[in-house]
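*Asks:* What shape does this take:
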Amino acid sequence: LERLFTEAALEEVWESRKDELDTPGIPWADVLSLGEQQRLQFCRLFWHHNWHKRHGDTSQGFFAVLDESTASMDTTSEMKVYQSLRKQQIGFLSVAHRPTVIQY
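*Replies:* Numbers count the residues shown, from 1 in each chain. Alright, predicted model coming up:
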């Protein structure tokens, strides 16, 4: 999990909350910022991609549709998650209003 959190630019959340991840009753929507919540979605995407590589039909590839998926992130986090997508060779279609996304 630590690697997935790192790929999603969530190192600080991992360090401060790793012992609470399975604790019931934590209102994560109140604990995490909107940007952190969006990065957590990328963490889930990376987990599913890893699962698909091990257990899925790899002849069909893996593709994500992203709709304003980084709108609440700072540009550094945005760059990191898009770079992780490309590094892992995850195909994606991204809809965004930020001009910084165009480079990906």
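*Asks:* Identify each buried residue in stretch 43-52, please.
*Replies:* Going by neighbour count (16 or more other CB atoms under 10 Å), the buried part of stretch 43-52 is 43, 45, 46, 49. The way it works is simple: take the backbone N, C-alpha and C, and place the C-beta from them, glycine included.
*Asks:* which residues are in contact with that stretch?
*Replies:* Stretch 43-52 is contacted from outside by 4, 5, 7, 8, 10, 58, 62, 64, 84, 88, 90, using CB atoms under 8 Å, 6 or more residues apart in numbering.
*Asks:* 6 Å - rerun?
*Replies:* Applying CB atoms under 6 Å, 6 or more residues apart in numbering, the contact partners of stretch 43-52 are 4, 5, 7, 8, 62, 64, 90.
*Asks:* Any idea how many residues pack against the fifth one?
*Replies:* Translated: residue 62. A total of 19 residues lie near residue 62 under the criterion other CB atoms under 10 Å.
*Asks:* Extract the residue ranges of the chain that are flagged as low pLDDT.
*Replies:* Counting by pLDDT under 70, the chain has no low-confidence residues at all.
*Asks:* Next, residue 66: secondary structure please.
*Replies:* strand (DSSP: H, G, I helix; E, B strand; the rest coil).
*Asks:* State the distance from it to residue 10.
*Replies:* Remark: distance between residue 66 and residue 10 (CB to CB, to the nearest Å) = 17 Å.
*Asks:* Let's verify residue 93: helix, strand, or coil?
*Replies:* What three-state DSSP gives for residue 93 is strand.
*Asks:* Now for the residue nearest to it when sequence neighbours are not counted, how many residues are close by?
*Replies:* Using CB to CB, 6 or more residues apart in numbering and skipping residues adjacent in sequence, the residue nearest residue 93 is residue 65, 5.1 Å away. Other residues near residue 65 number 10, with proximity taken as other CB under 10 Å.
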